[in-house]
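Undergrad: need a 3D model of the following:
(2 chains)
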Amino acid sequence: MSVRVGVITFPGTLDDVDAARAARYAEAEAVPLWHGDPDLKGVDAVIVPGGFSYGDYLRCGAIARFAPVMGSVIEAAGKGMPVLGICNGFQILCEAGLLPGALIRNSGLHFVCKDQWLKVENNTTAWSSRYEKGAEILVPLKSGEGGYQATQSTVDELEGEGRVVFRYVGDNPNGSRNNIAGITSANGRVVGLMPHPEHAIDALTGPTDDGLGMFLSLMDAVVNA
Amino acid sequence: MARVVVDVMPKPEILDPQGQAVANALPRLGFEGITSVRQGKHFELEVDDSVDDAALEKIAETFLANPVIEDWVVRRVGA
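TA: Numbering: from 1, shown residues only, chains lettered A, B, ... in the order given. Down below sits the predicted model:
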């Protein structure tokens, strides 16, 4: 069977091409989804890629969250469809209420663009099962508003339930609470992270191929479902 | 028609790097004595009389502000 992975393009999305390529590297069929079309085209999972949807106007992700396609994504996620938000996609999933918290301006004010080590804290989600718990992976981080913020009770809940999926290793690059780089929903199907696994799927074009594991994890989650 | 103002500010406990940068720049410009700056957003809406306060509050809470990180105030001005 062919696993179909939808990749959304909003006005201002940048990383949809790399996200689709990553899905194909994992031997999925990448299906383009358009922000203005609520039709998910029968996909098995959705990637909300990075970029600057709607120019980051108002707040990052605040306007994209109301796009017609997002209504369908929110409904499908409620039924257990795996959804991955990368960078701006993570911001959109937070604005949409699929993940708790919010992303704010980096504490150092500068846009950060570098290869970043992450520690895998949870390998039971639909998007992280191929990693060993505690493994360290190197993927690009490129964002100006990547500081993860949430109320203390939300942070305590995420930590207590093991819902921090990735944590920054070494110096905190953006002021995120508890060095949080990525989190998951309570059911482990929706994951969002600021760094870019889709840029690290082949040593020819990225720092490593460490990011490919996320897309291979999804294949396992869909095939075993 | 009425004018409605919505002011949105980062919550006190949320780090405001932009406000800090402004505060840090003031002494360099020769302005002393400003101990803190917080930066927010100010919206001005021209609103039909049919729009009630509940609708305005909902607009602020669900769209203009993000309740996770921001506080907001809605007020009608200059009737």
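
Undergrad: how many other residues sit next to the residue of chain A found nearest chain B?
TA: Closest to chain B within chain A is residue A:102: 4.3 Å, counting by CB to the nearest CB. C-beta: built from backbone N, CA, C; applies to glycine. Residues lying near residue A:102 (other CB atoms under 10 Å in any protein chain shown) number 23.

Undergrad: what is the rounded mean pLDDT of stretch B:55-68?
TA: Regarding stretch B:55-68, the rounded mean pLDDT is 96.

Undergrad: which residues of chain B fall in helices?
TA: Under the criterion DSSP state H, chain B contains helices at B:17-28, B:53-59.

Undergrad: what's the closest of these to chain A?
TA: Each of those has some distance to chain A by CB to the nearest CB; the shortest is helix B:17-28, at 4.8 Å.

Undergrad: residues contacting the closest residue to residue A:13 other than its chain neighbours?
TA: Sequence neighbours aside, residue A:51 is the residue nearest to residue A:13 in space, at 4.0 Å (criterion: CB to CB, 6 or more residues apart in numbering or on different chains). Taking CB atoms under 8 Å, 6 or more residues apart in numbering or on different chains, we find residue A:51 in contact with A:10, A:12-16, A:87-88.

Undergrad: what is the burial count for residue A:214?
TA: Other residues near residue A:214 number 32, with proximity taken as other CB under 10 Å.

Undergrad: can you classify it by secondary structure?
TA: Here residue A:214 is recorded as helix under DSSP: H, G, I helix; E, B strand; the rest coil.

Undergrad: would you confirm that it contacts residue A:84?
TA: Yes - assessed by CB atoms under 8 Å, residue A:214 is found in contact with residue A:84 at 7.0 Å.

Undergrad: joint contacts of those two?
TA: Contacts common to residue A:214 and residue A:84, judged by CB under 8 Å, 6+ apart, are A:127, A:191.

Undergrad: ok, which residues in chain A are in contact with chain B?
TA: Residues of chain A found near chain B (CB under 8 Å from any CB of the partner chain) are A:58-59, A:62, A:66, A:94-95, A:100-102, A:104-109, A:147, A:149-151, A:175.

Undergrad: report the helix or strand with the lowest average pLDDT across chain B.
TA: Confidence across the helices and strands of chain B bottoms out at helix B:17-28, with a mean of 93, counting by mean pLDDT, DSSP states H and E.

Undergrad: list the contacts for residue 67?
TA: Since no chain was named, I'll use chain A. Contact partners of residue A:67, counting by CB under 8 Å, 6+ apart, are A:10, A:35-36.

Undergrad: sorry, should have said chain B
TA: Residue B:67 makes contacts with residue B:61, as judged by CB under 8 Å, 6+ apart.

Undergrad: distance check, the residue lying farthest from the centre of chain B against residue A:48.
TA: In chain B, the residue that sits farthest from the middle, by CA atoms, centre = their mean, is residue B:30; the gap is 26.9 Å. Distance from residue B:30 to residue A:48, counting by CB to CB, to the nearest Å: 46 Å.

Undergrad: all helices of chain A, in order?
TA: Here chain A has its helices, by DSSP H, at A:16-25, A:68-78, A:88-95, A:152-160, A:212-223.

Undergrad: OK, contacts around residue A:131?
TA: For residue A:131, the contacting residues are A:120, A:123, A:137, A:213, A:217, by CB under 8 Å, 6+ apart.

Undergrad: actually residue A:148, not the one I typed
TA: Contacts were defined as CB under 8 Å, 6+ apart; by that measure residue A:148 touches A:101-103, A:174, A:176-177, A:180-181, A:183, A:194.

Undergrad: list the ones among those that fall in strands.
TA: Assigned to strands by DSSP state E, the following of those qualify: A:102-103, A:180-181, A:183.

Undergrad: please name the residues that touch residue A:80.
TA: By CB under 8 Å, 6+ apart, the contact set of residue A:80 is A:187, A:189.

Undergrad: what about it, distance to residue A:44?
TA: 11 Å.
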